[in-house]
Structure formats: C-alpha cells, structure tokens
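Fold the following.
(one chain, ligands or ions: 2)
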Amino acid sequence: VKVAALVNGRFAENTYLVIDEPTRQCAIIDPGEDAGLIQRAVEDEAATPGAVWLTHAHVDHVAGVAAVIEAFPVPIYLHPADRPLYDHLVQQAAGFGFLARAAPPPDRELAEGDELRLGGLTLRVLHTPGHTPGGVSLYGHGAVFVGDALFQGSIGRTDFPGGDAPTLLRSIREKLLSLPDETVVYSGHGPATTIGRERRTNPFLTGAARLL
Ligand SMILES: [Zn+2]
Ligand SMILES: [Zn+2]
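Ligands and ions are numbered 1, 2, ... in the order given. Alright, predicted model coming up:
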C-alpha cells in the first residue's frame, strides 16, 4: 500500500491517495479545495480512483468533492451524522469567505465496523466523533486515517457546531489509542505520527495540557 499525502488549499488540509500498488486502484480520502492537485497526483501515480472516503464533512475536507467526482465518477462514502454539515458545505465556505461548489449526495453511509475494500485495500471504519458527530477514522495496513480527531502533539478542535471535547477524548482513547503503537497516524493537517508517539507525548492525552 502506498500513501500519497497532498497538502491542499488554504487550510493546508491533507488529501490522501491510498494506492493498492499491484492494481493501482486508489481511494481518495478527503478531497480538499484544489481538485486539480488531486487529478495531477492521480495521473502521476498512474492510479485509478475507485472511491471517495470522507473522514468528516468540514469544508476543508470536502470542498473538492464536486470537481473530483466530475473527473472520476466514483462512489462517495460519509457517516450519516455528518450529513447536515455536508449539505451545508457552501455555507461553511461562505463563513470563511470563499466560494465552494455543493457536492453530489453521498452514495454510501459509513458505520462503525464497516470494512471498506478496494483492490487489495481493506480499511475498517472506526466511528470517532467529537470533532464532528460523524467523524470516522479508517484503519488498515498498519495505518489509520484520523481526519481532524488527532494530530501530532494535538487533538481536534471542538468549538465548531457539533463538536464535543469529552466525546473526542473518549473516541481517541477507546478507538485510536487501542491500536498498536507502531500504527502510522495520517491526520487531516500536519505531519504523520504514530499511535505510540502520541500516547507517550501528546499533552492532551498525557494530561500535561491541563497544566499549561
Ligand atoms: Zn475538521
Ligand atoms: Zn480540517
């Protein structure tokens, strides 16, 4: 499995291409603002997209869905608890002062425990709410794609509508910190990390942040 990270748009959101190397089939996780960047990366990798998997429906993660789907007509997967956010992506963008295109409705609903398969890829859906109600993490092949739940040295914001800090901390502890230490964490912003590193050093998880 190859993971290509594309730093995308004004929010420096990470769009990921997860590529099954034998077949070159790929999933596009969180198509941010710049769909052209994604198209060029797909071409560079000689990959064939098979699905759009969304960790959550904040505009920085879904602004490119409409254009990506025009280029690659593949099914869109979203947890239903984030559907209200998804249906208001134009308004979300307006709140940040930019224009975004409404996305076509999702084709499939993600749920805890689902297995997503594409070529030789298999990722398990972990419902990790707290940053948004329908936030999910996708786990498989020694990696977990966490959206904005967990970052290197930090955790997701919970001050947006639908956010809840105790819920996010419970999601991280129960669903993410229970994964093997060597699991590579691909976040929605910033560099990759590992579960073990965050367990040991993330001040929001060790309790140190409360002392600041
Ligand atoms: Zn977010
Ligand atoms: Zn984000």
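
What residues sit buried inside stretch 64-75?
Going by neighbour count (16 or more other CB atoms under 10 Å), the buried part of stretch 64-75 is G64, V65, A66, A67, V68, I69, F72, V74. In this view, the C-beta of every residue, glycine as well, is placed from N, C-alpha and C.

what's the closest of these to ligand 2?
Set against ligand 2, the nearest of the buried residues of stretch 64-75 by CB to the ion is G64 (12.8 Å).

interface residues of the chain facing ligand 2?
D60, D148, G188 (CB under 5 Å from the ion).

Of the residues you listed, which belong to helices?
D60 (DSSP state H).

I'd like the residues of the chain next to ligand 2 laid out as a markdown table, including distance to H131.
Shown next, in a markdown table, are these (distance: CB to CB, whole Å):
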| residue | distance to H131 |
| --- | --- |
| D60 | 12 |
| D148 | 5 |
| G188 | 9 |
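
Just give me the closest of the residues of the chain next to ligand 2 to ligand 1.
D148 (3.7 Å).

Pretty sure the closest one sits against T55.
Yes. At 7.4 Å, D148 counts as touching T55 under the criterion of CB atoms under 8 Å.

Can you check which residues contact both of these two?
Common neighbours of D148 and T55 (criterion: CB atoms under 8 Å, 6 or more residues apart in numbering): H61, G135, G188.

could I get those residues as JSON lines with neighbour count and pLDDT?
Output for the shared contacts of D148 and T55, formatted as JSON lines (neighbours: other CB atoms under 10 Å; pLDDT from 0 to 100):
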{"residue": "H61", "neighbour count": "31", "pLDDT": "98"}
{"residue": "G135", "neighbour count": "30", "pLDDT": "98"}
{"residue": "G188", "neighbour count": "28", "pLDDT": "98"}
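
follow-up on the earlier one: could you list which of the residues of the chain next to ligand 2 also contact ligand 1?
Restricting the residues of the chain next to ligand 2 to those near ligand 1 - CB under 5 Å from the ion - leaves D148.

So for the lengthiest helix in the chain, what gets flagged as buried?
For the chain, the helix with the greatest residue count under DSSP H is helix 35-44. Residues of helix 35-44 classed as buried: A35, L37, I38, Q39, A41, V42 (neighbour count, 16+ other CB under 10 Å).

Next up, the contacts around A93.
Counted by CB under 8 Å, 6+ apart, A93 has contacts V59, A63, L99, A100.
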